[in-house]
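K.L.:
With the input below, show me the fold.
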Amino acid sequence: MNSEIPCEEIRFTSEKDFHQFCEKIKSELSSREKKICSSADYRKASVLILLVNKNSSPHVILTMRTDKVSTHKGDVSFPGGTIDAEDENSLFTALRETCEEIGIPPEKIKVLGEFDEYISLAGFHVNVFAGAADYPLQYNLSEDEIDSILEVPLSCFCNEGYYKCDRFEHKGEEVCVYYYDYCGTTIWGMTARILTDFAAMVLKQDD
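P.N.:
Residues are numbered from 1 along each chain as shown. Here you go, the predicted model:
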């Protein structure tokens with residue numbers, strides 16, 4: 001696999017290609033300086049960008065939240081949630097929440113590294129981690145939290161195929177809110193922003 005080709009053309013001829021792709025992401029995450037946010041008054045949370053090799057191309061696992069949850073009802077989100085006081089660290093939270101929400105245990109996930117931190121308009125300070133897992137996955141959804149799973153091609157975000165970008169001012173900074181359509185489902189807000197940034201900063205590097 002040529003690491004310099006655009007994301008839209010990434011195709012895996014074997015599982016080895018996918019593992020090499022993940023190693024490239026791991027190397028990029030370890031070598032770059034992550035963006036750190038200061039937000040003493042915000043609730044701490046962690047999420048996981050979980051990648052799989054589906055149909056010989058990289059896909060990201062997203063969740064459709066139920067209307068029973070306290071925040072982001074019906075939204076498309078990453079597996080993840082609020083950091084509990086007893087959690088060992090923010091990575092532990094991301095892996096714990098992934099297991100609780102969609103039934104993928106930590107031992108099935110290869111952690112690739114930590115991406116940037118984000119401040120959400122809903123009042124969360126979010127730590128973002130990336131990981132990979134063998135496909136297909138055996139899901140076990142939390143009925144109270146997760147309505148369904150979306151397996152979305154990463155190329156949607158590499159190619160910035162959003163249909164709308166709203167701009168807001170938040171604490172003196174302009175924030176872009178992206179909207180992507182995938183099979184009739186809208187992926188927007190922080191989830192779309194993180195994936196757009198992840199694709200641009202990590203996958204579009206010239207080697």
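K.L.:
quick one, what contacts the most centrally placed residue in the chain?
P.N.:
The centroid of the chain falls nearest to I49 when counting by CA atoms, centre = their mean (2.9 Å). Taking CB atoms under 8 Å, 6 or more residues apart in numbering, we find I49 in contact with 60, 78, 115, 128-131, 194-195, 198. Bear in mind the C-beta positions are built from the backbone N, C-alpha and C, glycine included.
K.L.:
thought Y180 was touching N159?
P.N.:
No: taking CB atoms under 8 Å as the definition, Y180 is not a contact partner of N159, at 10.3 Å.
K.L.:
Those two: who's more crowded?
P.N.:
Y180 (21 against 13; other CB atoms under 10 Å).
K.L.:
doesn't the more buried one fall inside a helix?
P.N.:
No: under DSSP: H, G, I helix; E, B strand; the rest coil, Y180 sits outside any helix and is assigned strand.
K.L.:
beta partners for it?
P.N.:
I187 (DSSP bridges).
K.L.:
Kindly report the same for H59.
P.N.:
H59 has these beta-bridge partners by DSSP bridges: V52, P153.
K.L.:
From E88, how far off is M190?
P.N.:
Distance, M190 to E88, using CB to CB, to the nearest Å: 24 Å.
K.L.:
Give me the packing partners of the longest helix belonging to the chain, helices and strands only.
P.N.:
Using DSSP state H, we find that the single longest helix of the chain is helix 15-31. When contacts are defined as 3 or more CB pairs under 8 Å, 6 or more residues apart in numbering; DSSP states H and E, helix 15-31 packs onto strand 43-54, strand 110-119, strand 124-132.
K.L.:
any idea of the mean pLDDT in it?
P.N.:
Taken as a whole, helix 15-31 has an average pLDDT of 95.
K.L.:
That helix: which residues count as buried?
P.N.:
18, 21-22, 24-26, 28-29 (16 or more other CB atoms under 10 Å).
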